[in-house]
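Asks: heads up, no residue letters with this:
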């Protein structure tokens, strides 16, 4: 098969292969096609192919295929390895823990005996992420609709590009801004909310400052560009025929959006929101800089305090001893489990909805 | 654009004189806005419950209500809904632009303070709390090395994985890989940091290091590659699917084996899109702080060797400077943040420009 590379080189570069293929017997190309595992193209019926030796049936093909298979398997191996190694390092610390891991409100894994609990951290993680999404998603959808259906096309494209760029800004920058420049206004807002809406339990007393409110506002601002840019992509892909049909039937622009754009984009929007939730749950540095780092479960979102699993890992890692590291890894395992559940749910929804919309379209 | 169509509502037969529906006059919207601001100011300052921010908020709400009521009276309910939603969507846009603009403005104005040769030429070695100088040279070196190594590991792996999923994979196994790549996209960066900490730093690195666990830039690169892998697989996968089937079939018809078709026909066709995805993944990885904090440890001095001892990175430098007590550290943090954002944005803009030249399009 010494001629194979020569021939393929020409085929790959284009130009000459047409002439080349005419020079060869039909059986030759059919033979190669069969060996390469190309389905639905039996070489035998073109004549000659079946009788040729197949012993060396293409080592390179098999090697390449094996290589890609190995790369694919790596993904599964990595996911499994993450779970295995985290569990392996977490179990000794969990054994040493003298308090309930789920309910104890505090983090003293470096003490003897070690005491630590995930409850307050998991609560803070979920609370801050949900609040952030609650604030970010309506605004993000509004901007996405503005960019895709209200703004003049050029302006929409330009601003969409800017939003894409903002989605790439590292979280540490948002964290720094939140701590140094946003904390003041948020403290004022907190005081105001407490004065006039203090009867709602979540707007409790101060001291104000590094609160869950600040953390989730910063998270919301961070998640905003991501959700916006994904949902804008989705909204833009609405078939023009659907939109024009709605308008032709006399719909106003809002009715067109409600009847044509939103239903079409729903799976994509769900995906975008879930991705935003995943980002918010796992966000580390922005929350490490803006939350007050306490270990109590409290619905008062104005008071200085709050914590999240990821922020706690970043804050307490430097001082951690062996058990401390194990405890942080155990908390990371819980975070891993939470995000895994969120992601798998999201993917399941998306896969099902995608089939639904495709069959409906 | 279809947006220029103004749907005229059907008229009741009792008034056949005009074909056009009654419209709210052009001055109505600004008039409602002015009235809303005045009313809001009167309420807020009259009752003494807040400042100018509250005036704007209440004015916006009053404007929305007023607009709805006025349009409802003149043009009807459907038109009123249309206008109100339109106003809401516009205000969502303004609401979001304000904080984002503030972030950008702070970044540029604060970050330019220390934008000098000293910052890019020195490390933080022997810089005390009272020293105004000191820079991020060591962090820039760290970022470039870590991201570079991560790209070297991830790009071949990710592209091959995508090739498997698109070209070879069949049935459940390929579906499982696709599904878990999707799931992997959502793994928090801190968890990948913990994974590499548990796996590489605590278990593997003692073998090379006289039995003591050791932080290294390479460990950070490993964590970053776990983060980059799903992004690269996904974008490559999408690009490979866009390659027209006739191209492949043409190559097969010419007798080119499948692996060579993939390497010489499919990959070159999809290349611009793949490179775009890779650059976006690199840009995201360059901004990650948490994994580097956990497994590279950070450090004040220049360390060119990614396999031994602590290394810093730009993002980690920002975080560490933000936590310092020195009065000079905020300026260093902001300048490092500006440098980091510039690096990330250059990569992102280049990737987007490359994507525009992509012949496959979307």
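Replies: Structure's in. What do you need? Predicted model only: the values in this text are computed from it and were never measured.
Asks: poorly predicted segments of the stretch 151-300 of chain B, please.
Replies: Along the stretch 151-300 of chain B, segments meeting pLDDT under 70 are nowhere present.
Asks: all helices for it, in order.
Replies: Using DSSP state H, counting those that start in this stretch, the helices of the stretch 151-300 of chain B run over B:171-185, B:189-196, B:205-208, B:217-242, B:245-253, B:258-261, B:267-286, B:290-295.
Asks: could you check how far the residue most central in space within chain A is from chain B?
Replies: Computing the C-alpha centroid of chain A and ranking residues by C-alpha atoms, centre = their mean puts residue A:275 first, at 4.0 Å. Using C-beta to the nearest C-beta, to the nearest Å, residue A:275 is found at 7 Å from chain B. Placement of C-beta: from N, CA and C, glycine included.
Asks: where does that residue land in three-state SS?
Replies: Look at residue A:275: counting by DSSP: H, G, I helix; E, B strand; the rest coil, its state is helix.
Asks: per-residue confidence at it?
Replies: Reading off the confidence values, residue A:275 has pLDDT 81.
Asks: now the residue of the stretch 1-150 of chain B found nearest chain A: which helix or strand?
Replies: The nearest approach of the stretch 1-150 of chain B to chain A comes at residue B:92, 2.7 Å away (C-beta to the nearest C-beta). In this structure, residue B:92 is located in helix B:77-111 according to DSSP states H and E.
Asks: and whatever helix or strand comes next after that helix, what other elements does it pack with?
Replies: Per DSSP H and E, helix B:77-111 leads on to helix B:117-121 as the next helix or strand towards the C-terminus. The contact analysis (3 or more C-beta pairs under 8 Å, 6 or more residues apart in numbering or on different chains; DSSP states H and E) places helix B:117-121 against helix B:137-163, helix B:329-356.
Asks: from the ones you listed, which stretch is densest packed?
Replies: helix B:137-163 (a mean of 23; mean count of other C-beta atoms under 10 Å in any protein chain shown).
Asks: name the helices or strands packed onto that one?
Replies: helix A:59-96, helix B:117-121, helix B:217-242, helix B:267-286, helix B:314-323, helix B:329-356.
Asks: so which of those comes closest to residue B:104?
Replies: Among the helices and strands packed on helix B:137-163, helix B:329-356 comes nearest to residue B:104, with 8.8 Å by C-beta to C-beta.
Asks: residues from the stretch 251-361 of chain A in reach of chain B?
Replies: Proximity of the stretch 251-361 of chain A to chain B is confined to A:251-255, A:257, A:274-275, A:278, A:281-285, A:288-289, A:310, A:313-314, A:317, A:325, A:328-329, A:332, A:335-336, A:339-340, A:342-344, A:346-347 under the rule C-beta under 8 Å from any C-beta of the partner chain.
Asks: so where do the strands sit in chain A?
Replies: A:107-108, A:115-116 (DSSP state E).
Asks: direction included, what does the first one pair up with?
Replies: In other words, strand A:107-108. As defined by DSSP bridges, the strand partners of strand A:107-108 come to strand A:115-116 (antiparallel).
Asks: can stretch B:280-288 be found next to chain A?
Replies: Yes - contact of stretch B:280-288 with chain A is found when judged by C-beta under 8 Å from any C-beta, involving B:280, B:283, B:284, B:286, B:287, B:288.
Asks: tell me how far the residue of chain B found nearest chain A lies from residue A:214.
Replies: Chain A sits closest to residue B:188 of chain B, with a gap of 2.3 Å, by C-beta to the nearest C-beta. Residue B:188 sits 21 Å away from residue A:214, going by C-beta to C-beta, to the nearest Å.
Asks: what's the helix or strand containing residue B:53 packed up against?
Replies: Assigned by DSSP H and E, residue B:53 belongs to helix B:52-74. Helix B:52-74 sits against helix B:28-47, helix B:77-111, with contacts defined as 3+ C-beta pairs under 8 Å, 6+ apart.
Asks: quick one: buried residues of the longest one?
Replies: Think helix B:77-111. Going by neighbour count (16 or more other C-beta atoms under 10 Å in any protein chain shown), the buried part of helix B:77-111 is B:78-93, B:95-96, B:99-100, B:103-104, B:106-107, B:110-111.
Asks: what does stretch B:143-160 rub up against?
Replies: A:67-68, A:70-72, A:74, B:217-218, B:220-222, B:224-225, B:228-229, B:231-233, B:236, B:267, B:274, B:278, B:281-282, B:285-286, B:292, B:296, B:304, B:306, B:311, B:313-315, B:340, B:343 (C-beta atoms under 8 Å, 6 or more residues apart in numbering or on different chains).
Asks: ok, of those residues, which come out buried?
Replies: For those, a burial check counting by 16+ other C-beta under 10 Å picks out A:68, A:71-72, A:74, B:217-218, B:220-222, B:224-225, B:228-229, B:231-233, B:236, B:267, B:274, B:278, B:281-282, B:285-286, B:292, B:296, B:306, B:311, B:313-315, B:340, B:343.
Asks: about what we covered before: from the strands of chain A, which stretch is densest packed?
Replies: strand A:115-116 (a mean of 24).
Asks: so for that one, mean pLDDT?
Replies: 89.
Asks: same check on stretch B:90-103?
Replies: Averaged over stretch B:90-103, pLDDT sits at 87.
Asks: stretch A:233-251 now?
Replies: Stretch A:233-251 shows a mean pLDDT of 91.
Asks: repeat for stretch B:55-75
Replies: 90.
Asks: give me the contacts around it.
Replies: Stretch B:55-75 has contacts (C-beta under 8 Å, 6+ apart) with B:9, B:21-24, B:28-29, B:32-33, B:35-37, B:39-41, B:43-45, B:79-81, B:83-84, B:87-88, B:91.
Asks: hmm, 7 Å instead?
Replies: Stretch B:55-75 is contacted by residues B:21-24, B:28-29, B:32-33, B:35-37, B:39-41, B:43-44, B:79-80, B:83-84, B:87-88, B:91 when judged by C-beta atoms under 7 Å, 6 or more residues apart in numbering or on different chains.
Asks: equivalent analysis for stretch B:231-243, please.
Replies: B:154-155, B:158-159, B:161-163, B:165-166, B:181, B:185, B:266, B:269-270, B:273-274, B:277-278, B:280-281, B:284, B:360.
Asks: so what's the residue nearest the centre of chain B up against?
Replies: Centroid-nearest residue in chain B: residue B:284, 7.0 Å away (criterion: C-alpha atoms, centre = their mean). Counting by C-beta under 7 Å, 6+ apart, residue B:284 touches A:168, B:231.
Asks: for residue B:120, same thing?
Replies: Counting by C-beta under 7 Å, 6+ apart, residue B:120 touches B:135, B:137.
Asks: could you pull out the helices for the stretch 151-300 of chain A?
Replies: Ranges of helices in the stretch 151-300 of chain A, per DSSP H, counting those that start in this stretch, are A:153-167, A:171-177, A:183-197, A:212-236, A:240-248, A:253-256, A:262-282, A:285-290.
Asks: and the fourth one, what other elements does it pack with?
Replies: Under the contact criterion of 3 or more C-beta pairs under 7 Å, 6 or more residues apart in numbering or on different chains; DSSP states H and E, the helices and strands touching helix A:212-236 comprise helix A:119-145, helix A:153-167, helix A:171-177, helix A:183-197, helix A:262-282, helix A:285-290, helix B:77-111.
Asks: now the residues of the stretch 251-361 of chain A next to chain B: which count as buried?
Replies: The buried subset of those - by 16+ other C-beta under 10 Å - is A:251-255, A:257, A:274-275, A:278, A:281-285, A:288-289, A:310, A:313-314, A:317, A:325, A:328-329, A:332, A:335-336, A:339-340, A:342-343, A:346-347.
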